[in-house]
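> below are the sequence and a predicted model; questions follow.
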Amino acid sequence: MTVRGKKECFGSVLLQKINLPNASSSIFGDLVYDLCVEKRAFKVLLDEYNRLQAFPVYSRPVNTVELSKPFLLLAGISGTGKTRFVREQAKATGSLNDTYRLISVRPDWHEPSDILGYTSRLGGDGDAEYITTDVLQFIAKSWRAIINAGLELEAEGNGLAVMGGKGELEQVLPYWLCLDEMNLAPVEQYFADYLSVLETREWQWEDEQFTYCCDSLLKSETIKQLDDKSKLRDALGFADEQYDDAWDLFCEHGLGLPFNLIVAGTVNMDETTHGFSRKVIDRALSFDFGDFFPNEFDNFFEPTVTHNALSYPIYSQATTDQLPTIDSDGNRSIGFLKSINKVLDDTPFQLAFRALNELLLAVISAYPEDEKQLQAVWDDFLMCKVLPRIEGDHDKLAVIDDSVSSHEKSLLTELTAILKQELVDIWSMEDDQDKLRPDLYRKNIDGSVLNITCRSKAKLAWMQQRLERSGFTSFWP
């Protein structure tokens with residue numbers, strides 16, 4: 001007969017209470033018994049448990065697709081699932097309760113204070129107090145996630161920098177801010193501060209170590225003029241003592257744009273909404289939702305395709321050491337953009353350095369390994385960054401440079417002729433398996449590569465038909 005010790009018996013009782021197997025009662029009993037005897041050890045363990053409950057540590061799922069820009073425009077007809085797509089992205093890459101915020105844009109928004117807040121002296125004592133918004137609070141929440149992951153905040157020059165290792169980034173989830181019906185109000189007005197600060201983001205890498213910095217959205221001068229900064233600190237969620245050092249840095253240097261914040265605006269183009277200037281389009285990744293994430297009625301009950309999980313970018317300036325082997329010096333992508341610009345020269349749609357950098361960043365993010373994958377990156381770049389810029393009537397879209405072509409009907413048909421050569425491996429809309437390209441944003445439900453037809457060819461044909469039919473065309477559905 002086997003005699004069981006008191007520790008083992010103690011563990012057995014607890015295991016039965018919580019419906020766990022009794023096989024490990026000896027080891028478990030030793031642990032629980034010692035914790036009961038050693039009250040100090042138990043308190044340390046309990047404190048650590050409570051800390052983790054208050055600030056849970058997550059990690060990003062594997063195989064996420066890093067975006068080349070953290071600002072998305074999701075355009076399409078009403079009811080296609082644009083807002084749901086953002087929710088599903090937040091669920092796929094984090095926690096819906098923690099990493100997602102839906103903001104309904106109001107038609108009367110006309111200045112940055114509508115989303116970032118403002119200083120008020122309307123209190124009874126006349127003291128300056130900052131009135132926060134849901135957007136600013138969510139930005140602060142994104143910052144807390146960075147701090148909770150153990151990344152360091154330090155003053156650098158006149159600004160604030162985040163420093164750490166690539167492995168630590170895996171603990172920082174993307175935070176999804178969804179601006180629903182974004183263009184019900186003029187985006188250039190109420191979103192002006194964000195659009196400007198977005199272009200100041202700077203990532204610097206040295207081996208596996210990084211430094212990230214950007215200009216501030218909430219200026220330090222604004223914080224310093226407040227009579228009671230603790231109210232703002234409480235409103236932004238930095239009241240806990242673990243944020244003491246970070247709050248001092250924010251007061252001194254301002255609250256910048258956290259690198260893990262992804263802003264996705266849902267867009268409908270009709271008579272009730274505002275259009276986008278090229279200032280906005282240049283700073284965003286524009287998706288025609290129906291082209292990138294089509295509603296397939298036949299697969300409504302049993303989907304055959306799923307979306308890739310998306311995450312925030314970790315580069316801001318392309319360098320040759322980041323590029324894949326197939327375009328190791330970037331010359332192929334540069335040549336592709338030069339061929340496009342040859343058609344767009346001397347038009348309002350001409351591309352500049354920002355477009356080139358973002359094309360190279362897209363190549364780095366996708367990291368293509370063969371010819372079709374590289375051309376797929378170019379194809380999506382056309383859809384997200386080039387074609388959204390093009391709009392107008394016959395006169396505006398006329399071919400200006402006779403040396404480019406003497407027979408094409410418009411810039412659209414001229415671009416089609418150029419792209420037929422540049423995207424030769426994927427330039428087909430027929431069900432030709434040899435001409436299909438991989439989808440970089442979706443995959444089959446079993447995880448295999450989803451092959452699709454060239455997106456830009458179909459879009460250019462649609463824009464040209466619209467021009468011929470109504471005398472005016474644009475990218476937007």
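Here it is on my side, so go on. Residues are numbered from 1 along each chain as shown.

> use CA for all of it now, contacts and neighbours both
Will do.

> show me what contacts Arg283?
For Arg283, the contacting residues are Phe71, Leu195, Leu198, Glu199, taking CA atoms under 8 Å, 6 or more residues apart in numbering as the criterion.

> tell me the one among these nearest to Leu257.
Proximity of these to Leu257 was ranked by CA to CA; the top entry is Leu198 with 7.5 Å.

> residue contacts, the closest one?
Shown here is Leu198, whose contacts under the criterion CA under 8 Å, 6+ apart are Cys214, Leu257, Arg283.

> would you turn those into CSV with secondary structure and distance to Ile131?
Compiled in CSV, those are given as follows (DSSP: H, G, I helix; E, B strand; the rest coil; distance: CA to CA, whole Å):
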residue, secondary structure, distance to Ile131
Cys214, coil, 23
Leu257, coil, 19
Arg283, coil, 28
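
> from these, pick the one nearest Asn148.
After measuring the contacts of Leu198 against Asn148 - CA to CA - the closest member comes out as Leu257, at 16.6 Å.

> and the closest one, its phi and psi?
Recorded main-chain torsions at Leu257 are phi -90, psi 110, according to degrees, to the nearest 10.

> and it, how many neighbours?
Neighbour count for Leu257, taken as other CA atoms under 10 Å: 22.

> give me the distance between Trp143 and Leu261.
Separation of Trp143 from Leu261 (CA to CA, to the nearest Å): 9 Å.

> which SS class is Ala155?
The local conformation at Ala155, judged by DSSP: H, G, I helix; E, B strand; the rest coil, is strand.

> how close does it sit to Glu208?
Between Ala155 and Glu208 the computed distance is 21 Å (CA to CA).

> rewinding a little: adding distance to Phe292 and secondary structure, write the contacts of Arg283 out as CSV.
Conversion of those to CSV gives the following (distance: CA to CA, whole Å; DSSP: H, G, I helix; E, B strand; the rest coil):
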residue, distance to Phe292, secondary structure
Phe71, 16, strand
Leu195, 24, helix
Leu198, 24, helix
Glu199, 26, coil
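
> can you tell me what sits against stretch 415-434?
Applying CA under 8 Å, 6+ apart, the contact partners of stretch 415-434 are 336, 339-340, 343, 371-372, 375-376, 379, 435-437, 453-454, 457-458, 460.

> 6 Å instead, please
With contacts defined as CA atoms under 6 Å, 6 or more residues apart in numbering, stretch 415-434 is touched by Gln375, Lys435, Leu436, Arg437, Thr453, Cys454.

> which residues of the chain score low on pLDDT?
Residue ranges of the chain with pLDDT under 70: 1-62, 124, 400-408, 429-431.

> tell me which residues in stretch 119-138 are buried?
Under the neighbour-count criterion of 16 or more other CA atoms under 10 Å, stretch 119-138 has Thr119, Ala128, Glu129, Tyr130, Thr132, Thr133, Val135, Leu136, Gln137, Phe138 buried.

> could you do stretch 78-88 as well?
Buried residues in stretch 78-88, counted by 16+ other CA under 10 Å: Gly81, Lys82, Thr83, Phe85, Val86, Arg87, Glu88.

> tell me which of the residues you listed is nearest to Leu387?
Scanning these for proximity to Leu387, where the rule is CA to CA, the winner is Lys82, at 20.0 Å.

> about what we covered before: who's more crowded, Ala155 and Glu208?
A direct count of neighbours by other CA under 10 Å for Ala155 and Glu208 places Ala155 higher, at 14 against 9.

> show residues contacting the host helix or strand of Trp176.
Element membership of Trp176 [criterion: DSSP states H and E] is strand 175-180. Counting by CA under 6 Å, 6+ apart, the neighbours of strand 175-180 from elsewhere in the structure are 99-105, 260-266.
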